[in-house]
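# coordinates only, no sequence provided:
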């Protein structure tokens, strides 16, 4: 979520340093693995500069976070390291959000007269925070010590000797309402508050508490917004308290307390909590690194395991999304809540599953339960309510992440059903679904339900999250859902403008919105187009191709990562989610040494072991911390819904992850050091490994990666195309088919009788494009699909090597949308936009077979070309006498497109304008609802640039194929009767799928 902006303090220039012999770092001295990781945790990290974490006591994924609050009350954590007074110690907190919530039932120890508005000074010199415990001696002389169990807290207050030792219950703090406080007995109080005002949402839960003391209360009192209890500490200065919390009832809070902490042994509870943290933190053991790096690492791991939180009481009861009480059942051990979906699907969910698979399985089942109770997989839930904060549809990706990383003990069939239903029908989460279905993107001038914003960012979120659904369905063996969502996951292409090289807003009419500025946040969420253009984590290969190749993507990454402090709209912000995947994308384009260097610089500059100089923004319920943990281990979960791991390099000489099944994922790097980030060579399970990723099975079955690290870049390791981590396009193809419908025919030269020609009718990469006598063969049939390319037989007219020099030869090559394949008509010339030079016949030669070139534009006949024109006319079927027809020549949206006897009427006058569409009477021929399945009906619809309106024509088979679906325009059952509505169907080459487009 939204974070602070650090003033420009340092500038990183990402350099790839090629050297003849990379220097190998000396092996680090042998060291023992960390045996007590909980002792290294410093919860004060992240409590400054809007990190918004909290320093108090908690348990892994616990219900209670008993922690101090300070007057500025940063959102969620409620504690600012720069403050010097404490207002209370409240029972629950969020770690690192961008909006405030929780901080319920603050308790403040004071002495003397009761003052409900009291705050008490403190010093960090008298403060101690560790995993599961917190203590501070306040300026009023009271020492407060706190620890927790999963659903309860325990405090030890040591007062000065006084008859007026008070505990103030500031119930109205954090805008809580409906306050209740009852003295149950001389040693017990209970109560409740309504709370949950997250990002201005309505109160969403009731927090119930029951607190007992180890000595009698001498008096009680009230003040505006709260209550007080007073003790006499003249004889015994220590007052102990135990508190149970519940979101169901006071009885539940009481039961939680008695079940988890029946005795009065504070030290034993604190030790047990320390041990509980060691059990989960110890799933990742590290050796080596500096003392500061170890502390930052285990603190980050700790922060990543605070959420989601227990909702169910010790008896299994919990308050559900339907505002009813439910009971955990079946294999599920507990119900969890509070999911910062927009954040955690990127890193935290994967880490949670890796080190706490049972909790992650229960978390997945909790989300499934939420859907069953509300009809929604939550986007950003606080306890048992949706807050409608942020954008996208992240919960499916969270569930898919859990599964991919080994947390699989949940109802996967119900989870898949929920994902598909949410992704296919509007339910208040996936806003703009109709546009996504009909247009293939979210237009910036669309009309949306309240809460929608950031059309381009949301489209990119939907694409990544659709891929996660695809991956999950594929893992479960559902190939139909896998393919459906994999295809839709490529809709990012519809908001990528190859002319600008950026993701940018598009209007409903399919045109780019005027006034685009890539440094603006308009139509983006917590970022700019500079930061979001790389946001295609599932298909980085496709993004590179769309940009024009690896060099273009590398240039973009070099520019945006030249500074990663969020200092300007053209630079990355590695302290906030939209940018955190960017350094890893170098792995996909043959430059892994740049990933290694950039990630190390981020670690060094943004993650100090110093609470006062924290440089990361909102921790967002462990998301940023999880990024650090993965990066420090040397790998990163780039692709949502998979366990593919892009490689960097570790900070430690050894990292050992104990997996759910008992296996181990081990990374050995004897030369690891702060200044040695560069991989020189690697082996995986004893065999040479020259790839910039770990196979997905590594997190399930285990693996051993041995790295040799050095101080200078090895620019030869893992640079081959085959060395890149996997990318995923539609139907398993990282390059979805290009639209090929457009004006088609010969391109005639200004030199009499000559045409543009593919030498010998060739279609392979590198085929010469030449001047040749016009002969109307397939070698001279060119298509202008409307995207700046000139195509033939699935290849593009291409300037060899993307050269911009005079005389650079022209050839056929795989279409990749590079500048060398972009052409615009200018008068009678055909200008290559990458060079500004014209398509030219060298020396105005008139012989057959002269290879064409680019050359300075000069207006001679050697640079004059006659292009194919848009065509209008009948489109006959191979079924005798039948034509493509608009029923009754009507123009209403949804009117039937049918097969009808050819009659030359306006209903059969089809225009091929060159933008991939087929048009009748000013409307477009479309797959209904942008459907992609067999039997999807074909209709007439307002032209909107949607994927359902795109058609590719194969001149050889005469098929009209809809690229997003991969299916062909079809007359059902090869019927010959008039009025049969056309459909999409698997391409089969029968006459029912053969069409003759209008002649040029």
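Cool, the structure landed. What you see is a predicted model; the values in this text were computed from it and never measured. Residues are numbered from 1 along each chain as shown.
# from now on I want contacts and neighbour counts done on CA atoms only, so please keep to that.
Noted.
# residue 252 against residue 246, yeah?
Yes - under the criterion of C-alpha atoms under 8 Å, residue 252 makes contact with residue 246 at 5.6 Å.
# what about this structure, which residue is the most distant from its middle?
Relative to the C-alpha centroid of the chain, counting by C-alpha atoms, centre = their mean, residue 235 is the outermost residue, at 58.5 Å.
# model confidence at that residue, what's the number?
Residue 235 carries a pLDDT score of 95 in this model.
# next one: the one 5 residues further on
Taken from the predicted model, the pLDDT recorded for residue 240 is 99.
# my guess is it is in a helix, correct?
No - assessed with DSSP: H, G, I helix; E, B strand; the rest coil, residue 240 is strand; it does not lie in a helix.
# quick one: contacts for it?
154-157, 213-215, 264 (C-alpha atoms under 8 Å, 6 or more residues apart in numbering).
# give me the mean pLDDT for stretch 516-534.
Mean pLDDT, computed over stretch 516-534, is 97.
# beta partners of residue 190?
In this entry, residue 190 is beta-bridged to residue 182, residue 210, by DSSP bridges.
# since we're on it, how many residues are nearby?
For residue 190, the neighbour count with other C-alpha atoms under 10 Å is 22.
# what separation do you get for it and residue 300?
Using C-alpha to C-alpha, to the nearest Å, one gets 35 Å for the distance from residue 190 to residue 300.
# now do residue 653
The value you get for residue 653 to residue 300, if C-alpha to C-alpha is used, is 19 Å.
# check the secondary structure at the residue farthest from the centre of the chain for me.
With three-state DSSP as the basis, residue 235 sits in coil.
# centre-most residue in the chain?
Centrality entry for the chain: nearest residue to the mean C-alpha point is residue 346, 4.9 Å, by C-alpha atoms, centre = their mean.
# and the pLDDT at that residue?
Per the predicted model, pLDDT is 98 at residue 346.
# just say helix, strand or coil for it.
Of the three states, residue 346 takes coil under three-state DSSP.
# ok, it - contacts?
With C-alpha under 8 Å, 6+ apart, residue 346 has these contacts: 623, 637-638, 640.
# quick one on the thing from earlier: pretty sure the residue farthest from the centre of the chain contacts residue 160?
No - in this structure residue 235 lies outside contact range of residue 160 using C-alpha under 8 Å: 10.2 Å.
# hmm, back to that, neighbour count for residue 252 and residue 246, which is higher?
More crowded of residue 252 and residue 246, by other C-alpha under 10 Å: residue 246, with 31 against 24.
# doesn't residue 209 make contact with the more buried one?
Yes - Residue 246 lies in contact with residue 209 (C-alpha under 8 Å); the separation is 6.4 Å.
# any residues in contact with both of these two?
Contact criterion C-alpha under 8 Å, 6+ apart; residues shared by residue 246 and residue 209: residue 253.
# residue ranges with poor pLDDT in the stretch 901-1000 of the chain?
914-915, 955-956, 999-1000 (pLDDT under 70).
# quick one: the strands in it?
Taking DSSP state E, counting those that start in this stretch as the test, the strands found in the stretch 901-1000 of the chain are 910-912, 919-920, 923-927, 938-941, 952-954, 959-962, 967-970, 980-981, 983-985.
# so can I have TSV of the ones you listed showing mean neighbour count?
What follows is those, written out as TSV (neighbours: other C-alpha atoms under 10 Å):
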stretch	mean neighbour count
strand 910-912	24
strand 919-920	24
strand 923-927	27
strand 938-941	26
strand 952-954	20
strand 959-962	26
strand 967-970	26
strand 980-981	20
strand 983-985	25
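# okay if I get these as JSON lines plus distance to residue 873?
Below are the strands of the stretch 901-1000 of the chain laid out as JSON lines (distance: least, C-alpha to C-alpha, whole Å):
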{"stretch": "strand 910-912", "distance to residue 873": "5"}
{"stretch": "strand 919-920", "distance to residue 873": "10"}
{"stretch": "strand 923-927", "distance to residue 873": "14"}
{"stretch": "strand 938-941", "distance to residue 873": "17"}
{"stretch": "strand 952-954", "distance to residue 873": "16"}
{"stretch": "strand 959-962", "distance to residue 873": "16"}
{"stretch": "strand 967-970", "distance to residue 873": "18"}
{"stretch": "strand 980-981", "distance to residue 873": "20"}
{"stretch": "strand 983-985", "distance to residue 873": "21"}
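# for residue 818, find the nearest of those strands.
Of all the strands of the stretch 901-1000 of the chain, the one in closest proximity to residue 818, counting by C-alpha to C-alpha, is strand 952-954 (20.4 Å).
# partner strands of the helix or strand of the chain with the lowest mean pLDDT and their direction?
In the chain, no helix or strand scores lower on mean pLDDT, DSSP states H and E than strand 952-954, which sits at a mean of 77. Strands flanking strand 952-954 in the sheet, each with its direction: strand 959-962 (antiparallel) (DSSP bridges).
# name the residues that touch the partner strand?
Applying C-alpha under 8 Å, 6+ apart, the contact partners of strand 959-962 are 948-954, 967-969, 984, 987, 989, 993-995.
# ok, 7 Å please
Applying C-alpha atoms under 7 Å, 6 or more residues apart in numbering, the contact partners of strand 959-962 are 950-954, 967-969, 993-995.
# ok now stretch 711-718, how far from the chain's centre?
Computed by C-alpha atoms, centre = their mean, to the nearest Å, the chain-centroid distance of stretch 711-718 equals 29 Å.
# likewise for stretch 715-733?
Centroid separation for stretch 715-733 versus its chain: 20 Å, with C-alpha atoms, centre = their mean.
# which residues does that stretch contact?
Stretch 715-733 is contacted by residues 18, 483, 486-487, 490, 538-541, 587-593, 646, 680-681, 690-693, 734-736 when judged by C-alpha under 7 Å, 6+ apart.
# any idea of the mean pLDDT in that stretch?
What stretch 715-733 shows for mean pLDDT is 87.
# pull out the buried positions in that stretch.
Across stretch 715-733, burial judged by 16 or more other C-alpha atoms under 10 Å covers 715, 717-719, 723-731.
# same question for stretch 750-768.
For stretch 750-768, by 16+ other C-alpha under 10 Å, it's 750-751, 754-759, 762-763, 766-768.
# can you check stretch 218-232 too?
Buried residues in stretch 218-232, counted by 16+ other C-alpha under 10 Å: 222, 225-232.
# cool, stretch 845-856 as well?
For stretch 845-856, burial by neighbour count (16+ other C-alpha under 10 Å) applies to 846, 849-856.
# can you say which of the contacts of stretch 715-733 are buried?
483, 486-487, 490, 538-541, 587-593, 646, 680-681, 690-693, 734-736.
# looking at those, which are in strands?
Secondary structure from DSSP state E places 646, 680-681, 693 of these in strands.
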